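Below are the sequence and a predicted model for it; my questions follow.
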Amino acid sequence: MTDFAAEHARGHDYGDFLGHHASDEDRERWQRIYDRVTLTESHQAVLASFVREMKVLVLAGAWCGDCVNQCPIWERFSQSCSLIQVRYLDRDENPELTERLSVNGGHRVPVVVFLSEDDHLCGIYGDRTLAKYRAMAADIDASLVPVADDGGRTLLEQATDEWLNEFERMQLMMRTSGRLRQVHGD
């Protein structure tokens, strides 16, 4: 069984991950997306409502386009909420973890592991958002995708909303946990 807490502890923060694993070109790509990620007042209000520490382990690749398009979102979340502790591990340097976190039979990235403050597994998600899969399916055959109103929002805006929903879901799971409520007396 994988000790996700130990993996989280040895992970890199965002800057260190890019410093160790990204080429100059990769860093430029990540920075372009990071500069485009904006958190609305509504996003910030949700993040401000968090009361439990949340450990987030991300298996990623600095070269990966899906990572480029999602990891900067999580960095913005963690900057807005000090209770979110995101750590990154490189897929290619961690074959056992990569195998454990394979998605649909493949070594895809990014994969996100959510842990409670006391290191219990809350959820594992990867590798793309629903909005991204809808766009990919529509490129293959428009009839594969039910009509969904994206409100004219970009894929980045949709991904930010979708990921915030997952972070909030995990936070509410921890917030309503009888075990953690007993620890915190709330």
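Received it, and whenever you're ready, just let me know what you need.

Hmm, Ser102 is touching Glu96, no?
No: the pair Ser102 / Glu96 is not scored as a contact, 11.2 Å apart, by C-beta atoms under 8 Å. Just so you know, the C-beta spots here come from the backbone N, C-alpha and C atoms, and that holds for glycine as well.

Those two: which is more packed in?
Ser102 (13 against 9; other C-beta atoms under 10 Å).

how about the residue nearest to the more buried one when sequence neighbours are not counted, secondary structure?
Sequence neighbours aside, Arg108 is the residue nearest to Ser102 in space, at 7.3 Å (criterion: C-beta to C-beta, 6 or more residues apart in numbering). Secondary structure, DSSP: H, G, I helix; E, B strand; the rest coil: Arg108 is coil.

got it, and the one 4 residues further on?
Under the three-state scheme (three-state DSSP), Val112 adopts strand.

please renumber so the chain begins at 37
Shifting the count to begin at 37 puts that one at Val148.

In contact with the closest residue to it other than its chain neighbours, which residues are there?
Leaving aside its sequence neighbours, Val148 sits nearest to Tyr161 (C-beta to C-beta, 6+ apart; 4.8 Å). Residues near Tyr161 by C-beta atoms under 8 Å, 6 or more residues apart in numbering: 147-148, 150, 202.

Now with 10 Å, please.
139, 146-150, 198-199, 202, 205-206 (C-beta atoms under 10 Å, 6 or more residues apart in numbering).

Would you mind confirming that the residue nearest to Ser138 makes contact with Glu135?
No: look at Arg144 against Glu135 with C-beta atoms under 10 Å: they stay out of range, at 11.9 Å.

Of these two, give the one with the bigger neighbour count.
Counted by other C-beta under 10 Å, Arg144 and Glu135 do not tie: Arg144 has more neighbours, with 19 against 10.

Quick check: phi and psi on the more buried one?
Arg144 adopts backbone torsions of phi -90, psi 160, taken as degrees, to the nearest 10.

same check, this time on Gly188
Torsion angles, degrees, to the nearest 10, at Gly188: phi 80, psi 10.

Around it, how many other residues sit close by?
6.

Check which residues of the helix or strand hosting the residue nearest to Val148 are buried.
In this assignment (DSSP states H and E), Tyr161 forms part of strand 157-162. Neighbour-count burial for strand 157-162, counted by 16 or more other C-beta atoms under 10 Å, picks out 158, 161-162.
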